[in-house]
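**Student:** sharing a sequence plus its predicted fold:
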Amino acid sequence: VFLSNISIQMFGRCGSISHAYQIFCRIVTKDCFSWVMMLQAFATNGHLHEAEHLFFKIPQTNLVVWNAMIAAYITNNALLKAQSLYESMPEWNLISSTTILTALACSGDLEKAKVVFDSMEERDLIAWNAMLAAYTHSDNIDELTAISQQMPELDIVSWNTILSAYARSGDSHTTEQIFHRMTEVDLVSCTTMLKSYAESGQIGQAQHVFDGLPHRDATSWTVMIEAYSAAGSLTEAVDLFNKANSKDIVTWNAMLSIYAQSGHLEQSKHFFDSMPLQDAATWNTLLAAYSQRGHLIYAQELFHKMPFADSITWSVMIHGYAMNGQMAEAKSLFSTSLIRFQVARVMLGAYASNGLLDEAKGFFDSMPER
RNA sequence: GAUACGUUGGUUCUG
């Protein structure tokens, strides 16, 4: 059972959902781990319905099962369902509350996140850190200090959270000050600092941090590659990409995006074809490149071939049509899009940028989640 | 005995 459970997890992680399920079905005496890992395998591969189905079939549920289902809803953009499950749970632990708190904060609902936090019976450092991060998502830098002073203690994650808040605000000077005052830094702190330097045009400082890294993972390579691209050194970026000994799908996507931004569509397409890993972001990048340069025919062609499509895919197409004055196409695409509420903003902008204010108003009034 | 759930850094559209 142990080995089967591990296999389910492994297949789930590499997207082989049918293999995972086969193994799951062959286990005669499934334990809690088997159920949870299968649930996660479904959820992380976008099969929310199957995950839900499984959840209701689990013979003896416990907190881990409930928490895993909440996480499943969250990763599949079903925050409302996550909330109602959370509220209907027989009991909560630190993990349940922190999970939902973070999701609420990420959706921009700081108030609800606070309510969850305040209702917690006990709070550990992770919960505090989650609340700290919640404030950084609402760009409330001043409140950060207030929160951090209430915290019983701060660890490296707390400091990294604060650091990234300042980095995101564009204040590279304060970011630098905090970074140097930190008693302990790790790869996350350094990458945050590196990005902040890069964004403020200090490529030399960025390179210096990069050189001093204890080890380089795919994230640090990606940030450094983008730093050179942002500084206008495409050659350096390409060079670094070829040197990088740790690359993941994000590194590849970032490089594709750099080619696309540089306007070399042919080269982008070749690079795209050579990619060992692809996901929705990969296809969206190429799609946006075509669409933004007015090659809507190419975009359309690609759109119909896409193995992955998400709300961004639809937004790119609709925005592309709108910018090209093809409102009829934009409208009909919107009506067939699956994730309407994510795309509605773009549709609204489409009406507006074509001067169709009355239609925009009518559309706005018809939005259920406005 | 060993495996599962929460907090901080990187990519694609719009803002």
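**Tutor:** Received, thanks.

**Student:** in the stretch 251-370 of chain A, which spans are helices?
**Tutor:** Applying DSSP state H, counting those that start in this stretch to the stretch 251-370 of chain A gives helices spanning A:265-274, A:280-292, A:296-305, A:311-323, A:327-336, A:340-353, A:357-366.

**Student:** looking at these, which is nearest to A:His19?
**Tutor:** When the helices of the stretch 251-370 of chain A are compared by CB to CB, helix A:280-292 sits nearest A:His19, at 22.0 Å. C-beta coordinates here come from the backbone N, C-alpha and C atoms, glycine included.

**Student:** avg pLDDT for that closest one?
**Tutor:** For helix A:280-292, mean pLDDT is 97.

**Student:** next one: stretch A:34-42
**Tutor:** 96.

**Student:** so is that stretch next to RNA strand B?
**Tutor:** Yes - Stretch A:34-42 is in contact with RNA strand B by CB under 7 Å from any atom of the strand, via A:36-37, A:40.

**Student:** so, low pLDDT: which residues of chain A?
**Tutor:** A:339, A:369-370 (pLDDT under 70).

**Student:** name the residues that touch stretch A:316-332?
**Tutor:** Contact partners of stretch A:316-332, identified using CB atoms under 8 Å, 6 or more residues apart in numbering, comprise A:284, A:287-288, A:291-292, A:294, A:296, A:299-300, A:303, A:333-334, A:337, A:343, A:346-347, A:349-351, A:353-354, A:356.

**Student:** pretty sure A:Leu348 contacts A:Asp365?
**Tutor:** No - with contact defined as CB atoms under 8 Å, A:Leu348 does not count as touching A:Asp365 (11.0 Å).

**Student:** so which of the helices of the stretch 251-370 of chain A is nearest A:Leu104?
**Tutor:** Per CB to CB, nearest to A:Leu104 of the helices of the stretch 251-370 of chain A: helix A:340-353, 16.8 Å.

**Student:** buried ones in that closest one?
**Tutor:** A:340, A:343-344, A:346-352 (16 or more other CB atoms under 10 Å).

**Student:** hmm, back to that, out of the contacts of stretch A:316-332, who's near RNA strand B?
**Tutor:** Contacts with RNA strand B within those, as defined by CB under 7 Å from any atom of the strand: A:284, A:287-288, A:292, A:346, A:349.

**Student:** with adjacent residues omitted, what lies nearest to A:Ala51?
**Tutor:** A:Phe42 (3.9 Å; CB to CB, 6 or more residues apart in numbering).
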